[in-house]
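Undergrad: Fold the following, please.
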Amino acid sequence: MPPEVTRRRFVFQSLGVIGGTTVAGDLLPLLAEAAKRKQILRVAIERDFETLRPDIGVSDTFNMLRRLIYTTPILWGTKQRPDGLFIYDTDTLEMVLATAYKVSEDRQMIEFTLRNNAKFANGDPLNAQALKESYAWFLGAKGSGQLRVNGLPSADRIEVVDDVTVRLHLDRPVAWGLIGNALMSSSSIVHAKEILKHTTADDPFGTKWAETKVIESGPFVIETWQKGTMMSLVPNPHSFQPSKLERIILQVVPDASTRRIVLERGDVDFAVYIAPKDIADLRKVSGVKVASYPSARGWWLGMTWRKEPFNNIHFRRAMAWAMPYETLMQVVTHGLSERLRSCVPKNVSGYVGDFWPYETDLAKAREELAQAQVPDGFSLTMPVYANDPFDEETNVLLRESLVQLGLKITLQKMPMGQKRSLLTQKQVDMAVYDWRPWVPDAGYFIYFNWLPDSFTNYWSYANPEAQTLGNEAITMAVDSPERNAKLRRFQEIVNGDIGLVPLFNQFDNITMREHVQGYVYYPDVTPNLARLSLE
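TA: Numbering: from 1, shown residues only. Predicted structure coming up:
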């Protein structure tokens, strides 16, 4: 932080601004000071970070921070769209900590060759042993589940060959084994040896220390963190990932309307989570650029298979005919979405949209509901994410349609964590929900959502033929024609069962000032801020 901007001055001048919908004067002294310097990137984020622990952070904004302070062995490659924008390339990989990799013919061994003399921010070696210790920490802490998904269940399957060579011996071939074990959240390289210095009897993995402390391995280090207000980061002096930026300021601006205003004014260079209703107007603002990317984040209506009438095929068909599909896309996303027609999200490898015949037809919905023999006055409570416009507006529109069928729907708003907890505990009969796979692959989505023991099989779906196909597809090579045939048949079965009612895939709308260069869109919608520059 510049010396003339004291903590007291910063905090007091920020009060009454960051939560409001109007802005008068400079947003913050720090941002005003930053505007005078060419390579200081100012980013408006929607909320502060609850923790620095890389094993439990789940929001897109935390993933953005994670990519700044923790490196990974590899990263997605990039390619240019016809419109000039850059996106990830599933056919190429970029070496980061790793300089090379090998995958065995049976796809159960992955070998990484690492950079010589790589270091953590404190100067300690970031070598093969440090990489193994990082994986082992994740396996012991809460983040181990993701590594098991990737076929790496325990630390004894990690082999240090020499100072720059590591081998991962998977317990089974996994279609996304390389990606999952080299660039996802559980591959964020932590200084495990330092974390474990801070263990206690009640905290054997030092997670309490890791909530607020970090020895960075990524391109930036945390300079200042004023909780609830801002975080400032500067380049890691030992990083092998050079950046043109001198500093990155992450400013907490909870209100979406305020984030739009400060972006328009030029008080920030980059803003996250601008409301879809504002995107069209932002495109007209001089000095602002907006890029929209069809994403893998799908929205569905789910229904339990554990009780009547939800497990009745006629009731499920009634719901499928009753959904206001086009209205949802126009009202909820303001046209910034695509129609979804499957039990897996669009824009992932293996998606098939041929097996969903349903359109909005309330007459057919009434016919199916009559066959389901739903009692008159049937009522249902549906949980809704509070303050999430996608979830709130979608549920309101669904209720309007279902009321016309004679169903009584009560919408119960609650925090996101509470709704997710209820879904995980399978205490919800019917609800709208969303899911974004970090790996753009239908098999990855099936693993998490559609198998009997899948963590997010909220609805207890069971179909032996479909689930056998899903299990088989998970272990097969991504480009296998046989695998694609299995994924196709899987979707035909589940869509026929109406395992879910697919609604839409939303667009990711990225908003920044014109002078920001170097943005690349990744499948997890995590911007690599260290790659940006201000021209």
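
Undergrad: average pLDDT across the lengthiest helix in the chain?
TA: Assignment by DSSP state H gives helix 481-497 as the longest helix of the chain. When pLDDT is averaged over helix 481-497, the result is 98.

Undergrad: How many residues are close by Thr526?
TA: 18 (other C-beta atoms under 10 Å). Where C-beta positions appear, they are placed from N, C-alpha and C, glycine not excepted.

Undergrad: ok, the closest residue to it other than its chain neighbours - how many residues close by?
TA: Nearest non-adjacent residue to Thr526, counting by C-beta to C-beta, 6 or more residues apart in numbering: Asn63, 4.2 Å away. Using other C-beta under 10 Å, Asn63 has 21 neighbouring residues.

Undergrad: From Trp356, how far out is Asn63?
TA: Distance of Asn63 to Trp356, given as C-beta to C-beta, to the nearest Å: 31 Å.

Undergrad: which stretches of this protein aren't confidently modelled?
TA: Filtered on pLDDT under 70, the chain yields the residue ranges 1-37, 57-58, 142-145.

Undergrad: then the longest strand out of those in the chain to CSV, C-alphas only?
TA: Scanning the chain for the strand with the most residues, using DSSP state E, yields strand 288-303. The C-alpha trace of strand 288-303 is given here as CSV (Å, rounded to 0.1, in the frame of the first residue of the first chain):
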residue,chain,number,x,y,z
VAL,A,288,-15.7,-0.7,-21.4
LYS,A,289,-15.5,-4.1,-23.2
VAL,A,290,-17.8,-7.1,-22.5
ALA,A,291,-17.1,-10.6,-23.7
SER,A,292,-19.7,-13.4,-23.4
TYR,A,293,-18.7,-17.0,-23.4
PRO,A,294,-21.1,-20.0,-23.6
SER,A,295,-20.3,-21.9,-20.4
ALA,A,296,-20.6,-25.4,-18.9
ARG,A,297,-22.7,-24.0,-16.0
GLY,A,298,-26.1,-25.7,-16.5
TRP,A,299,-29.4,-25.2,-14.6
TRP,A,300,-31.9,-28.0,-14.0
LEU,A,301,-35.0,-28.9,-12.1
GLY,A,302,-34.3,-31.9,-10.0
MET,A,303,-36.9,-34.3,-8.3
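
Undergrad: Show me what the following helix or strand past it is packed against.
TA: Counting by DSSP states H and E, the element after strand 288-303 in chain order, helix or strand, is helix 313-322. Counting contacts by 3 or more C-beta pairs under 8 Å, 6 or more residues apart in numbering; DSSP states H and E, helix 313-322 packs against strand 288-303, helix 362-371, helix 389-403, strand 501-513.

Undergrad: State the paired neighbours of the first one in the sheet, together with their directions.
TA: Applying DSSP bridges to the sheet, strand 288-303 is found paired with strand 430-435 (antiparallel), strand 501-513 (antiparallel).

Undergrad: just the angle between the shortest one and helix 389-403, please?
TA: Okay, so that is strand 430-435. 150 degrees (axes from the mean of the first three to the mean of the last three C-alpha atoms, to 10 degrees).

Undergrad: Next SSE downstream of strand 430-435?
TA: Using DSSP H and E, the helix or strand that follows strand 430-435 in sequence is helix 442-449.

Undergrad: Show me which residues of that following helix are buried.
TA: Using 16 or more other C-beta atoms under 10 Å as the test for burial, helix 442-449 gives Ala442, Gly443, Tyr444, Phe445, Ile446, Tyr447, Asn449.

Undergrad: hang on, isn't the second one packed against Asn471?
TA: So that's Gly443. No. Judged on C-beta atoms under 8 Å, Gly443 makes no contact with Asn471 at a distance of 9.7 Å.

Undergrad: residues contacting the closest residue to Gly302 other than its chain neighbours?
TA: Leaving aside its sequence neighbours, Gly302 sits nearest to Trp459 (C-beta to C-beta, 6+ apart; 4.9 Å). The contact partners of Trp459, taken as C-beta atoms under 8 Å, 6 or more residues apart in numbering, are Gly302, Met303, Thr304, Trp305, Lys426, Gly499, Leu500.

Undergrad: and Thr410, how many residues sit next to it?
TA: There are 9 residues near Thr410, going by other C-beta under 10 Å.

Undergrad: got it, and the one 10 residues further on?
TA: Close neighbours of Arg420, defined as other C-beta under 10 Å, add up to 17.

Undergrad: In three-state terms, label it for me.
TA: Three-state call for Arg420 (DSSP: H, G, I helix; E, B strand; the rest coil): helix.

Undergrad: so Ile498 touches Ala318, yeah?
TA: No. The criterion here is C-beta under 8 Å, and Ile498 misses it with Ala318 at 9.8 Å.

Undergrad: And the two? Which one has more around it.
TA: Ala318 (26 against 20).

Undergrad: these two touch, right, that one and Ala365?
TA: Yes. Using C-beta under 8 Å, Ala318 is in contact with Ala365, at 4.6 Å.

Undergrad: Counting neighbours, what do you get for Val384?
TA: 21.

Undergrad: Can you report phi and psi for it?
TA: phi -140, psi 140 (degrees, to the nearest 10).

Undergrad: do the same with Ile222
TA: Backbone torsions for Ile222, taken as degrees, to the nearest 10, come to phi -80, psi 120.

Undergrad: Quick check: bridge partners of it?
TA: Applying DSSP bridges, one finds that Ile222 bridges with Leu233.

Undergrad: For it, list the residues it contacts.
TA: Leu52, Ile69, Val214, Glu216, Met231, Ser232, Leu233.

Undergrad: give the contact list for the last one.
TA: This means Leu233. Going by C-beta under 8 Å, 6+ apart, Leu233 touches Leu68, Ile69, Phe220, Val221, Ile222, Glu223, Arg247, Ile248, Ile249, Leu250.

Undergrad: Please tell me how far it sits from Ser533.
TA: 15 Å.

Undergrad: One more: the fifth one?
TA: Using C-beta to C-beta, one gets 20 Å for the distance from Met231 to Ser533.

Undergrad: Pick out whichever of these two has more residues nearby.
TA: Neighbours were counted for Met231 and for Ser533 using other C-beta under 10 Å; Met231 has more, 22 against 15.

Undergrad: That one belongs to a strand?
TA: Yes. Looking at Met231 with three-state DSSP, it is inside a strand.

Undergrad: Is it correct that it is in contact with Phe220?
TA: No. In this structure Met231 lies outside contact range of Phe220 using C-beta under 8 Å: 10.2 Å.

Undergrad: If we go by neighbour counts, what in the longest strand of the chain is buried?
TA: Applying 16+ other C-beta under 10 Å to strand 288-303 flags 288-293, 295-303 as buried.

Undergrad: give me every residue that touches Val174.
TA: Val174 sits next to Arg107, Val149, Asn150, Gly151, Gly180, Ile474, Thr475 when contact means C-beta under 8 Å, 6+ apart.

Undergrad: Please name the nearest non-neighbouring residue to the third one.
TA: In other words, Asn150. Per C-beta to C-beta, 6+ apart, closest to Asn150 is Gly180, 3.3 Å.
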